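Q: got a sequence here, can you build the structure:
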Amino acid sequence: MIDKKIWFVGLLVMPLYGDLSIGQMETMVEKIKAKRVGAAIEKHTDFVSPFVMVRKDQGKAVLEDPKSTVVVFVLGGIINKKAFINQKWIEVGATIEGYTLTEIKDNSVTLTREERTIKVFLKKSKPILQLNEG
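A: Okay, the predicted model is just below:
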């Protein structure tokens, strides 16, 4: 008896929540199918990074220019006190992308620019040949 009452109430309440007509639903589906146009490639050059870099200058915090370019360093090798960074061989004291190479270790180098220091590491190499005994 209770199950019949729940079904009856449900049938009475459903029209209150299902008031979209078939035409309205078709319009919504057509809007979803419509191709969206994004920003033109030319506009991408005007985008500003949302990240803010703060550096200390004479004891005061200074915001760096958000339009400054991001520099990526790739350390390809270290031989005879020289480092192969971004496809160039450089030694301690040399400058690359505004950073000075200040230290070369067995598997890393240290680059500095003003008060910023960056450590770049060699990728861990996988053995070319692996022998399994047994």
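
Q: all strands for this protein, in order.
A: Defined through DSSP state E, the strands belonging to the chain, from first to last, are 54-57, 60-63, 75-79, 82-85, 88-91, 95-96, 99-104, 108-113, 116-121.

Q: pick the most buried one from the ones you listed.
A: Using mean count of other Cβ atoms under 10 Å, the stretch among the strands of the chain with the greatest mean number of neighbours is strand 82-85 (a mean of 20). Where C-beta positions appear, they are placed from N, C-alpha and C, glycine not excepted.

Q: averaged pLDDT, that strand. What do you get?
A: The average pLDDT for strand 82-85 rounds to 94.

Q: between the two ends of stretch 91-104, how far is it?
A: By Cα to Cα, to the nearest Å, the extent of stretch 91-104 from end to end equals 8 Å.

Q: make 35 the first number, not 1, from now on.
A: Taking 35 as the first residue, the last one we looked at is stretch 125-138.

Q: if we can go back for a sec, the strands of the chain into JSON lines, with extra columns for distance to residue 62?
A: JSON lines is the format used below for the strands of the chain (distance: least, Cβ to Cβ, whole Å):
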{"stretch": "strand 88-91", "distance to residue 62": "46"}
{"stretch": "strand 94-97", "distance to residue 62": "45"}
{"stretch": "strand 109-113", "distance to residue 62": "53"}
{"stretch": "strand 116-119", "distance to residue 62": "55"}
{"stretch": "strand 122-125", "distance to residue 62": "57"}
{"stretch": "strand 129-130", "distance to residue 62": "55"}
{"stretch": "strand 133-138", "distance to residue 62": "54"}
{"stretch": "strand 142-147", "distance to residue 62": "54"}
{"stretch": "strand 150-155", "distance to residue 62": "51"}
